[in-house]
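Asks: Here is my input, please return the structure:
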Amino acid sequence: MTKEMMIYDFKPLRMTLDRIGPFQAQPYEIDFTDKQLRPCNIFLMVSQNGFGKTTILETMAALIGLLDKDEPHEYGQEDLDRGLGRAQLDLLLRVFWQGRDQTVVLSILAGTLGEEMSLKIWDDQTLAEYGTESWHRLSYRSRVPGRIDKGKASSELVEDLMATIRFGLGRVPDNFAESAEPLPTLLYFSAYRDIPAIRTHRPVNGTPEQRSIIQPKHWGYRAVHRFSPHDQEWLGSLDNLLVWLKWLSDGRFEKARNLINSRVFRGNEKMLKDVRRDPPEAIIQCGEHSHRLDRLSSGEKSLCHLFLRIGAHMTRNTIVLIDELEAHLHIRWQHALFKALKELAAENPSITVIATTHSSELLHTFVNSLDVKEEGIIKGGNLIEIDMR
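Replies: Below is the predicted model:
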């Protein structure tokens with residue numbers, strides 16, 4: 001971090017989508033705050049299939065991903081990239097800047113925007129209601145498909161924020177699941193959290209390539225990490241991540257192993273034991289037998305994928321997006337995962353977890369607990385209802 005700015009909080013407040021995905025008839029707004037207008041750190045979105053849950057997550061990732069790009073060529077969201085729609089993400093930003101603490105609203109706008117257009121206006125009264133003192137904007141306009149024009153940042157604060165984020169690009173994580181890095185990041189998990197077998201390339205002579213101890217994909221800091229569900233290359237595999245953590249020899253592998261064994265394998269005979277040298281890969285011990293990560297059940301793979309990636313790449317200001325929280329999980333594991341995510345948010349006050357679900361069991365439990373106070377937890381939710389005509 002530079003001396004000029006320190007980031008304390010980076011939390012979603014609202015997001016507006018217009019002519020994106022199923023949100024065509026009129027702008028659609030999601031409120032990520034509770035009844036007291038506090039940013040939620042656990043937020044659940046529910047809807048029927050095709051009503052835009054995934055679109056909302058993808059759009060949020062696309063907008064925050066603009067913060068570390070000087071001249072972006074694409075947003076990473078189809079409707080924005082095709083010049084069809086527009087979106088605005090409003091964030092609560094608490095920083096130390098120019099010698100004092102400030103709490104402000106930062107709006108990131110993208111798409112087919114006019115020169116001065118915002119989808120939501122933050123006037124002085126609204127700012128005061130949210131306990132903020134000023135409104136700052138960053139706009140990216142789509143002129144034609146494939147071309148993005150960056151509008152001028154509305155303030156020096158926004159320019160310094162982006163400079164601070166870009167200065168940190170590529171910085172390596174300083175710990176596992178206990179990061180001291182204050183830069184904001186978003187970790188996006190699709191509904192397909194598989195751990196496929198690592199692809200082995202065989203050249204013409206038939207000799208398979210060797211897996212080397214090499215810095216894994218996603219290792220350096222970025223504003224957004226999107227985790228591919230079907231990355232079969234050694235560089236992007238969880239095996240490579242675990243081998244790398246072991247090679248660092250600074251206790252991070254042991255923390256990762258303890259996390260997986262306590263969150264995923266607690267109560268059964270399986271455990272993440274170690275990594276072997278030849279071939280380099282993680283070892284899952286099951287009684288007297290051992291096997292690879294990709295031989296786990298689909299539910300176990302999903303949980304390992306989530307916890308290892310969050311632990312390895314989180315910062316103190318992390319937004320975690322999880323599509324279809326319940327994917328591949330027995331109802332008991334659904335509740336266990338939801339409980340574990342609440343514990344993560346409670347233990348790390350600057351972390352926000354936003355998830356989608358179809359699970360009626362999870363929804364019932366969540367709705368019944370909305371008014372129940374839990375220390376360190378601010379809960380909220382959204383039932384997506386749109387006019388599909």
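
Asks: Show the low-confidence segments of the stretch 201-350 of the chain, by residue range.
Replies: Segments of the stretch 201-350 of the chain classed as low confidence (criterion: pLDDT under 70) are 201-209.

Asks: What are the boundaries of the helices in it?
Replies: 238-248, 252-263, 298-313, 331-347 (DSSP state H, counting those that start in this stretch).

Asks: Please produce TSV containing those helices, extended by distance to residue 6.
Replies: Every residue, glycine included, has its C-beta placed from N, CA and C. Compiled in TSV, those are given as follows (distance: least, Cβ to Cβ, whole Å):
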stretch	distance to residue 6
helix 238-248	27
helix 252-263	25
helix 298-313	21
helix 331-347	21
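
Asks: Tell me which of these sits nearest to residue 7.
Replies: For the helices of the stretch 201-350 of the chain, the distance to residue 7 is smallest for helix 298-313, at 16.8 Å, taking Cβ to Cβ.

Asks: Buried residues, the lengthiest strand in the chain. List them.
Replies: Taking DSSP state E as the criterion, the chain has its longest strand at strand 5-18. Along strand 5-18, these residues count as buried under the neighbour rule (16 or more other Cβ atoms under 10 Å): 5, 7-18.

Asks: related to what we said a few turns ago, okay, the helices of the stretch 201-350 of the chain in TSV with distance to residue 77 and mean neighbour count next?
Replies: Supplementary listing: the helices of the stretch 201-350 of the chain in TSV, determined by distance: least, Cβ to Cβ, whole Å; neighbours: other Cβ atoms under 10 Å:
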stretch	distance to residue 77	mean neighbour count
helix 238-248	26	22
helix 252-263	31	18
helix 298-313	21	22
helix 331-347	25	17
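
Asks: Just tell me which of those helices ends up closest to residue 187.
Replies: Relative to residue 187, the nearest member of the helices of the stretch 201-350 of the chain by Cβ to Cβ is helix 298-313, separated by 5.9 Å.

Asks: Please name every helix or strand in contact with that closest one.
Replies: Using 3 or more Cβ pairs under 8 Å, 6 or more residues apart in numbering; DSSP states H and E as the contact criterion, the neighbours of helix 298-313 among helices and strands are strand 184-189, strand 224-227, helix 238-248, helix 252-263, strand 317-322, helix 331-347.

Asks: Relative to residue 297, which of those is closest?
Replies: Distance to residue 297, taken as Cβ to Cβ, is lowest for helix 331-347 among the helices and strands packed on helix 298-313, at 10.1 Å.

Asks: between the closest one and helix 252-263, how big is the angle?
Replies: For helix 331-347 and helix 252-263, the angle between their directions (axes from the mean of the first three to the mean of the last three Cα atoms, to 10 degrees) works out to 130 degrees.

Asks: can you list the residues that contact helix 331-347?
Replies: Contacts of helix 331-347 from elsewhere in the structure, counted by Cβ atoms under 8 Å, 6 or more residues apart in numbering, are 41-42, 263, 299, 303, 306-307, 310, 320, 322, 325-326, 329, 351-353, 355, 359, 361-362, 365-366, 374-377.

Asks: List buried residues within those.
Replies: 41-42, 263, 299, 303, 306-307, 310, 320, 322, 325-326, 329, 351-353, 355, 359, 362, 366.
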